[in-house]
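Undergrad: Sequence below, structure please.
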Amino acid sequence: MSLQTRRPEEEKEQQFTFTPHETTPPPTLPPVTPAGATPPTPDWRELRRQERADRRTDRHSARHAGHDGGYRWIGGLVLILLGGIFLLQNTGLIQRFDNWWALFILIPALGSFATAWRFYQQAGNQWTSAATGSLFGGLIFIGLVVMFLFGFDIGMWWPLFLIAGGIAVLLGARQWR
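TA: Modelled structure (predicted):
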């Protein structure tokens with residue numbers, strides 16, 4: 001068993017020897033296409049990123065142009081209707097207003113009307129079965145609100161809902177011919 005000894009100069013040389021680190025290659029420039037030649041097709045990931053950016057820009061510009069999906073006006077309309085009904089009660093034109101909670105049924109009714117309008121516009125201003133179904137759904141909700149607010153007997157008037165549903169089915173079936 002032998003021990004190797006080093007001289008102090010060898011240790012100093014080992015400590016201060018320069019070993020180059022791995023260097024990264026310089027960035028490559030995109031190839032220049034000669035005039036008249038078609039450029040290379042971009043990567044599919046880059047195309048996808050560009051499509052997403054375009055959609056984001058379209059949504060952003062539509063929002064700022066006043067088109068927010070068509071549902072913001074529902075809140076304003078509900079407030080106007082509530083204020084009008086409470087005003088009628090305060091002036092004495094509506095004497096009894098015990099079922100005020102029925103006004104909350106107006107929210108899905110107005111949502112149904114907005115959905116019907118959106119389906120109507122998406123179909124190129126033509127009534128489709130989807131638009132007709134949403135429209136009649138909103139009308140059924142409005143009928144419920146009227147019955148609750150004015151104290152009509154639902155036990156007597158419930159067949160009107162069957163009639164409205166039948167009309168909606170007939171109008172929706174007419175679209176499939």
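
Undergrad: which stretches of the chain form strands?
TA: Shown for the chain, no strands are assigned by DSSP state E.

Undergrad: Give me the below-cutoff pLDDT ranges for it.
TA: 1-26, 29-34, 36-40, 60-71, 74, 96-97, 172-177 (pLDDT under 70).

Undergrad: same thing but at 50, please
TA: The chain contains residues with pLDDT under 50 at 177.

Undergrad: give me the number of residues near Thr132?
TA: Thr132 has 22 neighbouring residues, counting by other Cβ atoms under 10 Å. Glycine gets a C-beta too; all of them are placed from N, C-alpha and C.

Undergrad: Wait, it touches Val169, no?
TA: No. Thr132 is beyond contact range of Val169, at 9.1 Å (criterion: Cβ atoms under 8 Å).

Undergrad: what number of residues lie near the closest residue to Ile85 other than its chain neighbours?
TA: Leaving aside its chain neighbours, Ile85 sits nearest to Leu103 (6.7 Å; criterion: Cβ to Cβ, 6 or more residues apart in numbering). Neighbour count of Leu103, defined by other Cβ under 10 Å: 17.

Undergrad: distance of Leu103 from Ala130?
TA: 27 Å (Cβ to Cβ, to the nearest Å).

Undergrad: residue ranges of the helices in the chain, please?
TA: According to DSSP state H, the chain carries its helices in the segments 8-15, 44-64, 72-91, 106-122, 129-149, 154-157, 159-174.

Undergrad: how about those, which one is nearest Asn99?
TA: Across the helices of the chain, the minimum distance to Asn99, taken as Cβ to Cβ, is reached by helix 129-149, at 4.5 Å.

Undergrad: Could you check the angle the closest one makes with helix 159-174?
TA: Here helix 129-149 runs at an angle of 170 degrees relative to helix 159-174 (axes from the mean of the first three to the mean of the last three Cα atoms, to 10 degrees).

Undergrad: so the residue nearest to Ile85 touches Gly84, yeah?
TA: No. Counting by Cβ under 8 Å, Leu103 sits too far from Gly84 to count as a contact (10.5 Å).

Undergrad: what's the first-to-last distance across stretch 35-46?
TA: 24 Å (Cα to Cα, to the nearest Å).

Undergrad: hey, C-alpha coordinates of stretch 106-113 in CSV?
TA: Below are the C-alpha coordinates for stretch 106-113, written out as CSV (Å, rounded to 0.1, in the frame of the first residue of the first chain):
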residue,chain,number,x,y,z
LEU,A,106,-89.6,36.8,-13.5
ILE,A,107,-85.8,36.2,-13.4
PRO,A,108,-85.9,32.8,-15.2
ALA,A,109,-88.7,34.1,-17.4
LEU,A,110,-86.6,36.9,-18.7
GLY,A,111,-83.6,34.5,-19.0
SER,A,112,-85.8,32.3,-21.2
PHE,A,113,-86.8,35.3,-23.4
